[in-house]
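Generate coordinates for the sequence data below:
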Amino acid sequence: MKNLSWNYSEFGKIPSIMKISSLKKLVTDLMAIDLGTASTIIAVKGRDIVLDEPSYIAYNELTGDIVAFGQEAYDMIGREGRDITVVAPLSGGVVADFERAKRMLAFFVKKSKSGGSQVSTQAVMSMTSDVTHVEQRALLNAAEEAHIGKVYVMEEGLAAAFGAGVSPKDKRASAIVDIGAGTTNIAVVAKGSVIHSTSARIGSNEINVALSNHIRRHRGLQVGEESTEYLKTNFATAYLPEDIAKTTMIRGRDVQTGSPGAVEITMGEVYPVVEGIVRRVAQLVSDTLTELRPEVAADIYDRGIILTGGGALLNGLDQYIRGFVNLPVTISDEPRHATVRGLLKMYDEPELLERVSRNELGLLQNAEIPFEA
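Numbers count the residues shown, from 1 in each chain. Reported below is the predicted structural model:
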């Protein structure tokens, strides 16, 4: 029988090579978490994106029990059971319902783990530039409740820049406009730092709301989220359509009779509703550009603007902003995943991660979270 005992003369160098920190990495999931108003996207180092689901939960109103998370909950919207309510625990890019947000995050993190209860988790998460200490602490506490061992938090615009291909070592400035469901973040970055940033609680969800209100007020039809999302994704454009008479059928509930009904909507009718929201985003970009220093403005003039986030997928948005600000505008590859990919890159730049993270514990300890019941 072969002798399996350790020979310390042969393996004497092992303790110095395989240090505890190295062993720990073997059983640690290094996660990047983009916890957004509409979607939660999680990537794990070495496995890329492992989860991309709507940020929704469904719960029983009588018992308070959560019956579904993510895509399963989202699929219930508008067709919920009698005692079931579907809600989004985040609003405007921040935690609005702490108890349900932490349970949703815990579910997503557990689903994303490599497997095994002994696998610990470290995460880097994004946040808007104008987040308050209370909102930031709510995010960190939710992460703690999700059994994440160590959490780094960094600005969403900076993460989106790295995910869109901007190098942390590039000394020239780049402008990134990250348009999410609930927020628009504009970040001008250089040398791995944010030079200037602006954030506004306006996003692509505003288009859904505007379309729903228009159809109810002017066409007498109440429509659900599924219908407005279809209109925005497959029919709406940010620029004046060539065929304004093109129509699509929208179904819902007649406001006057309460009966099922349907109306035909034209592209020419939808365009001004969408353009009103898009103009606000473009104006925010334009106003931000006027606040830049001359050297930075010169860089942006040469390089233009990069669009990221799910809102960047609106048909013709790049064309509209290009005409509004008179600068080149491009959409990053896979704009919905730019932020989470930028967060994931931080594990290859540990010193940069320490520098850009905003875990201001001294300030956060005294920030009381009003969301707990």
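
in the stretch 201-350 of the chain, which spans are helices?
With DSSP state H, counting those that start in this stretch as the criterion, the stretch 201-350 of the chain has helices at 205-219, 225-234, 267-289, 294-303, 317-325, 338-345, 350-356.

Can I get the second one in PDB? Just the C-alpha atoms.
As requested, C-alpha coordinates have been extracted for helix 225-234 and formatted as PDB (Å, rounded to 0.1, in the frame of the first residue of the first chain):
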ATOM      1  CA  GLU A 225     -47.400  47.000 -17.800                       C
ATOM      2  CA  GLU A 226     -47.000  44.200 -20.300                       C
ATOM      3  CA  SER A 227     -48.700  46.300 -23.000                       C
ATOM      4  CA  THR A 228     -46.800  49.500 -22.300                       C
ATOM      5  CA  GLU A 229     -43.500  47.600 -22.300                       C
ATOM      6  CA  TYR A 230     -44.400  46.100 -25.700                       C
ATOM      7  CA  LEU A 231     -45.200  49.600 -27.000                       C
ATOM      8  CA  LYS A 232     -41.900  51.100 -25.800                       C
ATOM      9  CA  THR A 233     -39.700  48.200 -26.900                       C
ATOM     10  CA  ASN A 234     -41.200  47.300 -30.300                       C
END
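
So which of the helices of the stretch 201-350 of the chain is the most surrounded?
Ranked by mean neighbour count, the helices of the stretch 201-350 of the chain are led by helix 338-345 with a mean of 28 (mean count of other CB atoms under 10 Å). Bear in mind the C-beta positions are built from the backbone N, C-alpha and C, glycine included.

Might you quantify the distance of that helix from its chain's geometric centre?
Centroid displacement of helix 338-345 relative to its chain, using CA atoms, centre = their mean, to the nearest Å, is 11 Å.

related to what we said a few turns ago, save the helices of the stretch 201-350 of the chain as TSV, and put in distance to residue 70 and mean pLDDT too.
Conversion of the helices of the stretch 201-350 of the chain to TSV gives the following (distance: least, CB to CB, whole Å; pLDDT from 0 to 100):
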stretch	distance to residue 70	mean pLDDT
helix 205-219	18	95
helix 225-234	15	92
helix 267-289	27	95
helix 294-303	37	96
helix 317-325	27	96
helix 338-345	15	95
helix 350-356	28	86
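
Which one of the ones you listed lies nearest to residue 43?
Of all the helices of the stretch 201-350 of the chain, it is helix 338-345 that lies closest to residue 43, at 4.7 Å by CB to CB.

packing partners for that closest one?
Judged by 3 or more CB pairs under 8 Å, 6 or more residues apart in numbering; DSSP states H and E, helix 338-345 is in contact with strand 28-35, strand 39-44, strand 48-54, strand 120-127, helix 156-163.

Where does pLDDT dip in the chain?
For the chain, applying pLDDT under 70 flags the ranges 1-27, 115-119, 359-373.

any chance you could map the helices in the stretch 1-150 of the chain?
14-17, 20-25, 70-74, 98-112, 133-145.

Now tabulate those helices in a markdown table and tack on distance to residue 288.
Shown next, in a markdown table, are these (distance: least, CB to CB, whole Å):
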| stretch | distance to residue 288 |
| --- | --- |
| helix 14-17 | 50 |
| helix 20-25 | 40 |
| helix 70-74 | 32 |
| helix 98-112 | 29 |
| helix 133-145 | 22 |
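
Can you say which of the ones you listed is nearest to residue 218?
Distance to residue 218, taken as CB to CB, is lowest for helix 70-74 among the helices of the stretch 1-150 of the chain, at 27.9 Å.

does residue 173 really touch residue 188, like I thought?
Yes - counting by CB atoms under 8 Å, residue 173 does reach residue 188; the two are 5.5 Å apart.

Need the residues touching each of these two.
Common neighbours of residue 173 and residue 188, using CB atoms under 8 Å, 6 or more residues apart in numbering, are 195, 292, 296, 300.

any idea how far residue 311 is from the residue lying closest to the third one once chain neighbours are set aside?
Of all residues not flanking residue 296 in the chain, residue 173 sits nearest, at 4.5 Å (CB to CB, 6 or more residues apart in numbering). In this view, residue 173 and residue 311 are 23 Å apart by CB to CB, to the nearest Å.
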